[in-house]
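S.K.: got a structure for you, letters missing:
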DNA sequence: CCACGTCACTTGCTTTGTGCAAGTGGTTGC
DNA sequence: GCAACCACTTGCACAAAGCAAGTGACGTGG
């Protein structure tokens, strides 16, 4: 079953590519954490991926056309991994998975805030975020106005820091006037 | 990995529940193929799940609150599995995964048509489909008008049969389309 | 009322995949 | 020149997947 496909069903094929414990976490880190190097993905991962698994998955994701690998011009032994359009197209999938996790699973508040922001922003915000990713990963030109001058990543980051601050201050005013999820 | 959570990130938690090769396929069959019994899930699966894996995953999905198990009143030795609201909430995730697969992977035309219909219908159609699932699985009352009198499952089924018919023109039916119960 | 098929699983065993620790050879900064 | 760093690779233990066969409760026809 290495390349022997169990069936041509789109959901099955998607699962054969991404249906393991690590691939989507790597993509998540590249998308939301802006990790572009092997070492960053290895040591800044919240879940502690091991080096052989990371190497194998990166290779597989490159083979599948979900990411690309390029030399870092600033550092000969480093490689830069970038999302392709195919990888960027996973934003809605990850957004929905995050929203589902936030709603039904015991998530940690600070780690959930990005998913909440993204979920509450809806498809419009996802599209804006995908444009930002195209800029960062594909070198595309920005073609959409940023709402209020803040990028989606900045909004997520700000919300994250706000939650961290309010957690630290135990009983601080909640700054976000963001609509709570249903 | 047994119960030890790697992190409280919503995407990671979702993957710990659903990030294996079979769970989402079982849910897909329950959603789109209306398989409600162990035997149906076992023998009508396109991918050929084995009995022990199916039994284990069903137990896990029940534990996670994604499905429920009940006695079949018509047949004492049968059990009926139903999606919970938590399971039904996976419709958008599956819809996006299907759409992604259709766009980027070598799907088989006839198996992809349902995903295409659902993707083109957008969030509105997903909501309608979720209402139909609430009827079938939770015994909820229909509370939305069906567009043109056709349910979403009927629309998907009709599109599937249309594709099968046009393929049959080219000689043979490979994988006989088994009609899902309406 | 009993033989036989069906039901939802279990069990035993082999094959495959995953995860950790340690190691590799090349590169960079001092 | 050499220690630290880089992206991996190797070896080995263990967990999960897969297959075949088995289990006992149940249902059905004669």
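M.R.: Right, received. Where do you want to start? Not measured: the values here are computed from a predicted model. Numbers count the residues shown, from 1 in each chain, chains lettered A, B, ... in the order given.

S.K.: check contacts around residue A:108.
M.R.: B:7-9 (CB atoms under 8 Å, 6 or more residues apart in numbering or on different chains). The way it works is simple: take the backbone N, C-alpha and C, and place the C-beta from them, glycine included.

S.K.: quick one: which of these is nearest to residue A:137?
M.R.: Closest to residue A:137 out of these is residue B:9 (21.3 Å), distances taken as CB to CB.

S.K.: Hmm, residue A:12 is touching residue B:46, no?
M.R.: Yes. Taking contacts as CB atoms under 8 Å, residue A:12 lies within contact range of residue B:46: 7.3 Å.

S.K.: Tally up the residues packed near residue A:49, please.
M.R.: Other residues near residue A:49 come to 20 when the count uses other CB atoms under 10 Å in any protein chain shown.

S.K.: what about the closest residue to DNA strand C within chain A, which helix or strand?
M.R.: Residue nearest to DNA strand C within chain A: residue A:76 (2.6 Å; CB to the nearest atom of the strand). Using DSSP states H and E, residue A:76 sits in strand A:75-83.

S.K.: cool, residue A:92 as well?
M.R.: helix A:91-104.

S.K.: helices or strands next to that helix in the packing?
M.R.: Counting contacts by 3 or more CB pairs under 8 Å, 6 or more residues apart in numbering or on different chains; DSSP states H and E, helix A:91-104 packs against helix A:23-32, helix A:109-138, helix B:10-18, helix B:91-104.

S.K.: of those, which approaches DNA strand D most closely?
M.R.: Comparing these by CB to the nearest atom of the strand, helix B:10-18 comes nearest, at 10.8 Å.

S.K.: what's the closest one packed up against?
M.R.: helix A:23-32, helix A:91-104, helix A:109-138, helix B:23-32.

S.K.: Using TSV, lay out those together with mean pLDDT.
M.R.: Converted to TSV, the helices and strands packed on helix B:10-18 look like this (pLDDT from 0 to 100):
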stretch	mean pLDDT
helix A:23-32	92
helix A:91-104	95
helix A:109-138	94
helix B:23-32	93
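
S.K.: how about the ones you listed in JSON lines, adding mean neighbour count?
M.R.: Below are those laid out as JSON lines (neighbours: other CB atoms under 10 Å in any protein chain shown):
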{"stretch": "helix A:23-32", "mean neighbour count": "23"}
{"stretch": "helix A:91-104", "mean neighbour count": "23"}
{"stretch": "helix A:109-138", "mean neighbour count": "19"}
{"stretch": "helix B:23-32", "mean neighbour count": "23"}
